[in-house]
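Colleague: my questions are about this predicted structure, shown below with the sequence.
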Amino acid sequence: MNRRIIAFLAGRSLVDVGGTFSQVAVFWTALSITGSAISVGSLGGVWTFSMAVMSLISGAIVDRFNRKALMILLDGLLGVVSLALFALATTGVLQIWHLWLFLVAEAVLGIPSSLSYRTLLPDIVDKDVLLRVNGAMSSWGNVDNLVEAALAGVIIKLWGPGPIFLINAITYFVGAVSPLFIWRLKTRAHKPSTRWRPFADLRFTTRYLSKERLLRKYILLNLGSGVVFAPLFFMAPLVARAVGAGSEGYGFFQSLTIGGLLAGSLVAATIGARWPKVIAWLGGAALYSISFIVLGFWLSLPVALGVFFLFGLGWTGGRVYLGTLVQQVLPSAHRGRIMGITSFMGGVFQPLALSLATVFVDRTGLGTVLVAVGALNLAMVGLTAWLLPLREEEWTRSTPEV
């Protein structure tokens, strides 16, 4: 592989490091300030809704502008935002509404940056190695995240959240520099237009989707999966509090999840490269769904340690196998907008689901919610297996590249 591409991928992998740090800092700080699960739900709701809206907008942006330039600009701005939060934290004036604004900024700037990377990758990496690159990138980034998530809780306990946001800023600045390595590298398919017509572009893509039955079903199923998945993603701080593990435990749970992602990504990049993508995706989702049901019945620290590792391991199916499958199916001319529409449909109702889950945590207990949400995720796995083809060969578009 071209060494410039390797340098670019190395820089991009560091962006996830800061994201893991800031997630631990934001949600544990909110829980510490208010003492209520609803505070985690409200922050998560603001974050997921902002991401859903920006996903819809970002598709039109990344398909019309230079994706390399977008990553440089947006990651640079994210670095500045993180520095501002570092200043607030170190001066002792950090409040809950600052955390709200920070998560909104992370969505507004981070979603188009991430989408620029994901839509650019299939145009600079050969199809026959795309799965291995996705698996290796997930592994590479998660090696750092594995350590950082565990350290985050310890750093917060010792020095507060300030240093977390400083590290976050540094990683974003490194990510902003990384596209310079491939600045002169020509892409195979994507040619941005000098004119930007976002609404016309969305109508154009909507007409394309109206002819693609497989993609329509996938987007609708992704909506349901996103709604029932969202509460699981925000359970770690609540479980840590319930089992008396503190901020260190929360960070360690996040570290275990990343460790599972790392293990799964390594498998996907090596012996799992030839596994059926749909089976690996749905099998992973079933794995973490069952594990959270078990945690709901036996809410204890030893069980939680295993469950959060299995959560990351199973989540690899969606991040690597499904991600690669969708990248291969989507035409470059529509790729960003379709990914944006899919993310919007999958995330627009997540704040409601998350709010309801955290309200029930305060009223009925964490165990009941874990069992219910795990069962709903398992039901979505069965519905997806019933409605979508299980063989990769059947994941093809019926209309040609436009």
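Modeller: Received, thanks. Residues are numbered from 1 along each chain as shown.

Colleague: which SS class is the residue positioned nearest the centre of the chain?
Modeller: Closest to where the C-alpha atoms of the chain average out (CA atoms, centre = their mean) is Arg319, at 7.9 Å. Following DSSP: H, G, I helix; E, B strand; the rest coil, the label given to Arg319 is helix.

Colleague: buried residues in the strand or helix carrying Val294?
Modeller: Assigned by DSSP states H and E, Val294 belongs to helix 277-297. For helix 277-297, a neighbour-count test (16 or more other CB atoms under 10 Å) marks 277-278, 280-296 as buried. Where you see a C-beta, it was placed from the backbone N, CA and C, and this is true even at glycine.

Colleague: export stretch 386-395 to PDB, keeping only CA atoms.
Modeller: Extracted in PDB, the C-alpha atoms of stretch 386-395 (Å, rounded to 0.1, in the frame of the first residue of the first chain):
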ATOM      1  CA  TRP A 386     -35.600 -12.400   8.300                       C
ATOM      2  CA  LEU A 387     -35.900  -9.300   6.000                       C
ATOM      3  CA  LEU A 388     -32.300  -8.900   4.600                       C
ATOM      4  CA  PRO A 389     -30.300 -11.400   2.500                       C
ATOM      5  CA  LEU A 390     -27.800 -13.400   4.400                       C
ATOM      6  CA  ARG A 391     -25.400 -13.900   1.500                       C
ATOM      7  CA  GLU A 392     -23.100 -11.100   0.500                       C
ATOM      8  CA  GLU A 393     -23.600 -11.900  -3.200                       C
ATOM      9  CA  GLU A 394     -27.200 -10.700  -2.900                       C
ATOM     10  CA  TRP A 395     -26.100  -7.300  -1.600                       C
END
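
Colleague: which parts of it are buried?
Modeller: Within stretch 386-395, the residues scored as buried using 16+ other CB under 10 Å are 388, 392, 395.

Colleague: ok, now which ones touch Ile341?
Modeller: 55-56, 59, 202, 205-206, 209, 219 (CB atoms under 8 Å, 6 or more residues apart in numbering).

Colleague: ok, and the closest non-adjacent residue to Gly283?
Modeller: Nearest in space to Gly283, with sequence neighbours left out and distances taken as CB to CB, 6 or more residues apart in numbering, is Gly317 at 6.3 Å.

Colleague: what about that neighbour, distance to Gly382?
Modeller: 15 Å (CB to CB, to the nearest Å).

Colleague: neighbour count: those two, which is higher?
Modeller: Gly317 (26 against 11; other CB atoms under 10 Å).

Colleague: distance of that one from Val239?
Modeller: Taking CB to CB, one finds Gly317 at 22 Å from Val239.

Colleague: those helices in the stretch 301-402 of the chain, which residues are they?
Modeller: Assigned helices in the stretch 301-402 of the chain, in chain order: 301-316, 323-329, 335-347, 350-364, 366-387 (criterion: DSSP state H, counting those that start in this stretch).

Colleague: just those helices: most buried one?
Modeller: When those are scored by mean count of other CB atoms under 10 Å, the highest mean neighbour count falls to helix 335-347 (a mean of 25).

Colleague: list the contacts for Leu299?
Modeller: 239, 242-243, 366-367, 370.

Colleague: as a markdown table, those residues with distance to Gln350 and pLDDT would be great.
Modeller: A markdown table is the format used below for the contacts of Leu299 (distance: CB to CB, whole Å; pLDDT from 0 to 100):
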| residue | distance to Gln350 | pLDDT |
| --- | --- | --- |
| Val239 | 19 | 92 |
| Ala242 | 22 | 90 |
| Val243 | 25 | 90 |
| Leu366 | 19 | 92 |
| Gly367 | 22 | 93 |
| Leu370 | 17 | 95 |
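
Colleague: what's the farthest-apart pair in those residues?
Modeller: Val243 and Leu370 (12.2 Å; CB to CB).

Colleague: distance of Phe234 relative to His98?
Modeller: 19 Å.

Colleague: ok, those two, which is more surrounded?
Modeller: Phe234 (22 against 16).

Colleague: ok, now which ones touch the nearest residue to that one once chain neighbours are set aside?
Modeller: Closest residue in space to Phe234, ignoring its immediate chain neighbours: Gly44 at 4.6 Å, by CB to CB, 6+ apart. Taking CB under 8 Å, 6+ apart, we find Gly44 in contact with 27, 230, 233-234, 351, 354, 358.

Colleague: that older thread, ranking the helices of the stretch 301-402 of the chain by mean pLDDT, which is last?
Modeller: Note on the helices of the stretch 301-402 of the chain: helix 335-347 shows the lowest mean pLDDT, a mean of 76.

Colleague: how far does that helix sit from the chain's center?
Modeller: Computed by CA atoms, centre = their mean, to the nearest Å, the chain-centroid distance of helix 335-347 equals 13 Å.

Colleague: just the CA atoms of that helix, as PDB, please.
Modeller: C-alpha atoms of helix 335-347 as PDB (Å, rounded to 0.1, in the frame of the first residue of the first chain):
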ATOM      1  CA  ARG A 335     -22.200   7.400  -0.900                       C
ATOM      2  CA  GLY A 336     -22.000  10.400   1.500                       C
ATOM      3  CA  ARG A 337     -25.700  11.300   1.200                       C
ATOM      4  CA  ILE A 338     -26.900   7.700   1.700                       C
ATOM      5  CA  MET A 339     -24.700   7.200   4.700                       C
ATOM      6  CA  GLY A 340     -26.000  10.500   6.000                       C
ATOM      7  CA  ILE A 341     -29.600   9.600   5.500                       C
ATOM      8  CA  THR A 342     -29.000   6.200   7.100                       C
ATOM      9  CA  SER A 343     -27.300   7.700  10.200                       C
ATOM     10  CA  PHE A 344     -30.100  10.300  10.400                       C
ATOM     11  CA  MET A 345     -32.900   7.700  10.300                       C
ATOM     12  CA  GLY A 346     -31.000   5.500  12.800                       C
ATOM     13  CA  GLY A 347     -30.300   8.300  15.200                       C
END
